[in-house]
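> Sequence first, then the predicted structure:
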Amino acid sequence: MPTDFMPRRALLHPLWLGALAVLVLNDHVLKGSGLLPGVVTGKLSDFAGMLVAPLLFATLLCVRGRIAWLLAHVAVGVVFAAIQLSIAFADLWSSAMGLLGFPWVITSDPTDLIALPVLAASFYVFPLAMSVRANVRCTAECGAALGGLFACVATSAPPSDAPWTIEADVYFHNDNDFDAVLRIRHLSPAAAIDCDVVEEDPGRLLTEPMFGPIESWTVWPDANLPLAPELRVEAECHAVWLEADSVAPVIVFWRPDQVAWTMLDGEGIDPEAPGFVSLAYDDEGRGTYETELDILFTAVPPSGRVAGVCAPQSEAERVVWSDEIPSGIWTLGAVNEGVDGCVAMDLHAGFEPESGPARSWTLCLPAGAFPFEPGQRIDIFPEYSAAAMPGTVDGLSISELLIDSNATTGTDLVVSRGTGVAPLFGMSATFAPMFECDAQVEVECGTVTRPGTLTLAGGGFNTVSVGLGHASTTDAQGGRLDVYVGHAEQRYALASECAEGPDELGTDIELVAVHRGITE
Amino acid sequence: MIEGTMTMNDKIGLLAVCVALAGCGDDGAAAEGAEGVGGVGAGVGQGGAQDFGQFRAILDAGQIPGPDTLDDVGFFNEHKIELPPADCGQSVCLHGQLGVMGNLITTSNCTMVLLGLNTPIDPSTMQRPPLNLAIAVDTSGSMQGPSIAYVREGLLRMLDDLRPEDRVSLIGFDTDATVHAENVAGDAPELATAIQGLEASGNTNIYDGLRAAYEVVAEHADAERQNRVILLSDGAATAGITSEAVLVDMSRTYNELGYGLTTIGMGQEFSPELMRELSEAGAGAFYFLEDPAAVQEVFEEEVATFLVPLAEDLKLDIVVEGDYALRAVYGTKLFGLESNSAYIDMPTVQIAHRTSVEDHAAGRRGGGGAILVELVPSAGASTEAGGVGTLAMTYRVPGGEELVSQEVRIESPRPPGETPEEGAFDGFAVEKAFVMLNIYVGFDMAATRAALNDDRGALAVLTPLEANVAAWVEENPDDDIVDDLAYIRRFITNLEARGALAPSSEQRPPEPWPQD
């Protein structure tokens, strides 16, 4: 078996030679040429390398046997993963390769780990070609090995040896004669912003919760780094949070029409590419940013000092309930309203309070809004039908079931939350932002909001307007409608993985309506 | 230079009357006439995080802590700042000290004002009021194994600190909440039996558990007792009402009704944010249990001293004069900033049990911490010495409506921005607080960089910090800072062990306050 397992014999395998060709072509021709997007050239070498490196490594170590073959793959995989996951290890590896005369240019990018499964293909495919005995192939195998070795160690030479280009609209420039560590945060994938509103004051309106994970880059002296997301995403505007040592955080905010995408040198400020944000340190080590465009804004921490009607509305005032809505007909057992307005209730299935164990359910409403009492029969129903105001709505209704056939009046409760309003006793709803209030930033999640007023009309009721709080109206039959609004805001920036409420921009309305009157 | 005025007479409050007369009437240490050595009055704690136990535990385990495991309030509370004598004649005394020095990372100018609170009351002489205490214990599946064993051990140890006149309830919560013992005496056998019977399974319904505990305390509320809830958990809410805003609001509402909350977290996977916010809203403390030994320390701190409020509705107003700009406040979460002033609102403050820097045999918790205000010279500031600002404090005496006020004016003997090479401090308290703040900021910067795999950047922060703190300790031996220094070194060792490269010779340490 050992004599049949000679890795060098697989060096002429078409797959390996093809991967080698891709590696050389990509690293020395395609990268920076603009022929392929950066995201493609960035990953291409990783996939090709996972085919080239293990066999080459095994050949150089004269590996014999399947266990050693496996270990060669494990070693390549571990080093590759460590480079992608640890900037410190990447630096170490780059330094080590530098000692061999081939300093690597390495960027740690955990998404490159997507290439790791290719190791499996290498592990299973190449052994099939290792038992072919043909001494005349030796010279060719040696040539392939040398080519592979060169391709691997000389990948992406540093800028001093090979000038490179980048594709960018806005880019960072290290205007120093030493490396600068830059920490970049792009807008979170879960963030949505209204560019027209945020553009008025990006430094104040865009706060840390709106930005995603930090990417840390070591930027060489005089080098440039694109600031837009790697994928050239279509967006009305872009925003990036920048941090570097010894300089206060800034936000770079720009619209695509402010500066064009262009190919530019990887080093030096290109006069034809005005979208630079350069960082220079003075003799005392203090950093200063410079730019020619109106795209740079000092990040202002939210003050949290806004009070009164314009203040961001409290997350604690939202309507919430525990677990799933207990749809169906129930008899109310114990009802316990807490000091926070949350009503803990025992629900007995059907019309018999004593039939079977009670189901516990908690519904948090504005204090005093829950109108039902122990012993009442109620029908709990999730709301999905035509809404009083269009939008995405999540809600429920609870209707009192009248046991006495002579009774004509009862109580109904509607809970509505979302960008619209759930069906509301035949009424229509309209929302109007209070433009006299500036857009405000909520501290915890960075949501940018402006309060508004909800107007309810129709359905036989007198028209009523309500902002945050409680209002009531009556209908022609003497019925009374109480409306409790926990949230009535327009949202202009939203990090949906953090903020509660709807997962989209627009109106954010949460209300409870209680109607006491003639039931249908 | 500091001037102090008292604008209202103070009376020791109803609860403070419970302390021994010797502690109230004669703050013997004040007679020493000097701050520092000997400990003059106990510190005053403000609630919120009481330790940096999670950060410490991760370093002790040879790992690298994340920045979210460190909190300035918790870190400061493991430091005993020895203030001038608490001789204001009231149960809480306000002190202000100015410090100017180069920071310990890059040596750039740093101007700080220390706001210190202390009390003439000796915690060792305190007779706490009887308790009406409900303990809500997380018995969800994630607590299986060592966590639930820690809790059982901790609660059983706590029984030693309870008295027959105390009334205690025990609530377990997983998917639902269950009252295992209700309003039983502190020495009741059924309480120990209930503790030993705690088993873990199911989801984590913090809302139901916390609410049940509050409701039990409210049902048995007694003005002659300390009415309080303790919540122990290792994780986030996964069942019932899971909205953290609703949970925190419930805690705030019950606190307004007079029922405080203390939270205790445990486990390396523990996320501290919710427990910290709950304790702040509930005017209580937040602790992290890193090991069973910490259980005793926490319960001693909590039960023996922290349950006694010294002042309620304590408000601090900081107004800075035009030659300086107020940049930041450290050491409390209960503040707000305005143009050149800040306000701090504390629902209650309590006595901290450490009486001196050397008083740490049972651990460093209970130091009382400090509040630091960062200033920067304004553009065009005067070149003359002069006023820096004014600190004003008001609080309500517990159990009554009487308001107490104090005011302290801060002046500087040198122009804004002038930094003597060796620094200039109004007293040792502000100097130690300054070092403590630098260490906290250094830990935070290093943990942030390390979390991004920028271990070299983390070392670039910690290396000069270690050298400067070591030099400071050499001249100013202080047990708290010596222990901090050990953790700086452990952090460096852990970074090196995972392959961090030494900072290059051309790599400057980063500015801790780049916005200044």
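Sure, I can see it.
> What residues does the stretch 201-350 of chain B have near chain A?
Near chain A, the residues belonging to the stretch 201-350 of chain B are B:207-208, B:211, B:214-215, B:239-241, B:243, B:245-246, B:248-250, B:253-254, B:257, B:336-338 when assessed by CB under 8 Å from any CB of the partner chain. From N, CA and C alone the C-beta is placed, and that goes for glycine too.
> Now, those that are in strands?
B:336, B:337 (DSSP state E).
> Of the residues of the stretch 201-350 of chain B next to chain A, select the buried ones using a PyMOL command.
Buried residues within those, by 16 or more other CB atoms under 10 Å in any protein chain shown, are selected in PyMOL with:
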select buried, chain B and resi 207+208+211+214+215+239+240+241+243+245+246+248+249+250+253+254+337
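> Which ones among the residues of the stretch 201-350 of chain B next to chain A map onto helices?
B:207, B:208, B:211, B:214, B:215, B:245, B:246, B:248, B:249, B:250, B:253, B:254 (DSSP state H).
> Contact partners for the closest residue to residue A:401 other than its chain neighbours?
Ranked by CB to CB, 6 or more residues apart in numbering or on different chains and with sequence neighbours excluded, the top spatial neighbour of residue A:401 is residue A:377, at 4.0 Å. Taking CB atoms under 8 Å, 6 or more residues apart in numbering or on different chains, we find residue A:377 in contact with A:329, A:330, A:331, A:332, A:351, A:400, A:401, A:403.
> which strand of chain A spans the most residues?
Chain A, longest strand under DSSP E: strand A:480-495.
> Whatever helix or strand comes next after that one vs chain B: in contact?
For strand A:480-495, the succeeding helix or strand toward the C-terminus, using DSSP states H and E, is strand A:506-518. No: between strand A:506-518 and chain B, judged by CB under 8 Å from any CB, nothing touches; the nearest distance is 11.9 Å.
> Report the buried residues of strand A:506-518.
A:506, A:507, A:508, A:509, A:510, A:511, A:512, A:513, A:514, A:515, A:516, A:517.
> Which SSE is immediately downstream of the lowest-mean-pLDDT helix or strand in chain B?
Ranking every helix and strand in chain B by mean pLDDT, DSSP states H and E puts helix B:21-25 at the bottom, with a mean of 27. Counting by DSSP H and E, the next helix or strand C-terminal to helix B:21-25 is strand B:42-45.
> Mind checking the pLDDT average for that following strand?
Confidence for strand B:42-45, expressed as mean pLDDT, is 79.
> circling back to that earlier point, name the member of the contacts of residue A:377 that has the highest neighbour count.
Counting neighbours by other CB atoms under 10 Å in any protein chain shown, the top entry in these is residue A:330, with 25 neighbours.
> I'd say it and residue A:350 touch.
Yes: the criterion here is CB atoms under 8 Å, and residue A:330 meets it with residue A:350 at 7.5 Å.
> Any regions of chain B where pLDDT drops low?
B:1-41, B:267-269, B:291-293, B:295-297, B:299-307, B:353, B:360-362, B:364-365, B:506-507, B:514-516 (pLDDT under 70).
> And the ones in helices among the residues of the stretch 201-350 of chain B next to chain A, which is closest to residue B:233?
residue B:207 (11.7 Å; CB to CB).
> Could I get the contacting residues of the nearest residue to the closest one once chain neighbours are set aside?
Counting by CB to CB, 6+ apart, residue B:207 lies nearest to residue B:241, which is 3.9 Å off, once chain neighbours are set aside. Shown in contact with residue B:241 (CB under 8 Å, 6+ apart): A:320, A:321, A:322, A:342, A:362, A:364, B:207, B:208, B:247.
> So the first one sits against residue B:246, correct?
Yes: judged on CB under 8 Å, residue A:320 makes contact with residue B:246 at a distance of 6.0 Å.
> list the residues that contact both of the two?
With CB under 8 Å, 6+ apart, residue A:320 and residue B:246 have common neighbours residue A:364.
> since we're on residue A:307, how many residues are nearby?
7.
> my bad, should have said residue B:368
29.
> now the longest strand of chain A against strand A:506-518, angle please.
Calculated by axes from the mean of the first three to the mean of the last three CA atoms, to 10 degrees, strand A:480-495 forms an angle of 170 degrees with strand A:506-518.
> Now the residue nearest to residue B:207. Its backbone dihedrals?
phi -80, psi 120 (degrees, to the nearest 10).
> That one and residue A:368, how far apart?
Distance of residue B:241 to residue A:368, computed by CB to CB, to the nearest Å: 18 Å.
> now stretch A:437-447: how far from the chain's centre is it?
Distance of stretch A:437-447 from the chain centroid (CA atoms, centre = their mean, to the nearest Å) equals 19 Å.
> And stretch A:397-415, by the same measure?
45 Å.
> Stretch A:264-271 now?
Worked out by CA atoms, centre = their mean, stretch A:264-271 lies 31 Å from the chain centre.
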